[in-house]
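[1] Below: sequence and its predicted model.
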Amino acid sequence: MTRDISPDISKIRLLLTEPHECSYLKDQLATTAFVDPELNIDTALYGRMSAMGFRRSGGYLYQPMCHDCNACVPARIPVNLFRRNRSQKRCWNRNSDLEVNQSDGIDIDEHYPVYNRYISGRHHEGDMYPPNRPQFEQFLGQPWECSNFLEFRVEGSLVGCAVIDVLPDAISAIYTYFDPVESARSLGTLAVLFQISLAQKLGLRYVYLGYWIQDCQKMSYKTNYKPLELLQENNWKISE
């Protein structure tokens, strides 16, 4: 089943999945629209589709396209308007000893154990559990041309990583994983703060955070970054 998505890029095919169990809302069925995997997607087109609410997972661009639910709302931070709150300032200062390395590739032998511990310790009830190495390599270990890895290290040891895509006017936050023994550092928060700082340095306008879902607690953290823009009725609006 296919569907066009916009008059501007109407020749792009979307492939719709059959309804399946929703990963975020209990007792809900979800349908996902994937961009035709045979399409050559350059960074410019990727950026345009991100502004329309699409996300990347592994080698695919996708968007929820459920028949009777629109709970998944694309969210982004306008970085030039962002100001850290007290908690975020404390998180930033608490991690002053961290070394952050930015690269376009990773040592999977080093990263997979951290990812394994993260999924097993923090998401053991999710659809990514139990983790395995092929899953990791397919999801995060095959970067696109615009992909970067932000490695967080303490005295040289890897404690976490944020996977990002650098687009023409934004950074797209793909995924962050960290060692649960470092939970006191709030590395998930630090990863977003670092991406905001990086976007500002690069002269980019936004950090895309993926989808915000009002009734999903594990998505609630996104409203801690203010101002937050939400894509509603095909328009980006600052959330109140």
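    Thanks, I have the structure now.
[2] what comes up buried for stretch 190-208?
    Using 16 or more other Cβ atoms under 10 Å as the test for burial, stretch 190-208 gives 190-199, 204-208. C-beta here means a position set from N, CA and C on the backbone, and glycine is covered the same way.
[3] Neighbouring strands - and their directions - for the worst-scoring helix or strand of the chain on mean pLDDT?
    One helix or strand of the chain scores below all others by mean pLDDT, DSSP states H and E: strand 20-21, with a mean of 92. Here strand 20-21 has these sheet partners by DSSP bridges: strand 29-30 (antiparallel).
[4] distance between the partner strand and the chain's centre?
    Strand 29-30 sits 20 Å away from the centroid of its parent chain (Cα atoms, centre = their mean, to the nearest Å).
[5] so residue 80 sits in a helix?
    No: under DSSP: H, G, I helix; E, B strand; the rest coil, residue 80 sits outside any helix and is assigned coil.
[6] if I look at it, how far off is residue 91?
    Residue 80 is 21 Å from residue 91, where distance means Cβ to Cβ, to the nearest Å.
[7] These two - which one has more neighbours?
    residue 91 (19 against 12; other Cβ atoms under 10 Å).
[8] For residue 102, see how far away that one is.
    The gap separating residue 91 from residue 102 is 19 Å, by Cβ to Cβ.
[9] do residue 164 as well
    9 Å.
[10] Now list whatever residues contact both of the two.
    Residues within reach of residue 164 and of residue 102 at once, by Cβ atoms under 8 Å, 6 or more residues apart in numbering, are 148-150, 198.
[11] Hmm, residue 143 is touching residue 149, no?
    Yes: if you go by Cβ atoms under 8 Å, residue 143 and residue 149 touch, sitting 7.4 Å apart.
[12] Sounds good, over and out.
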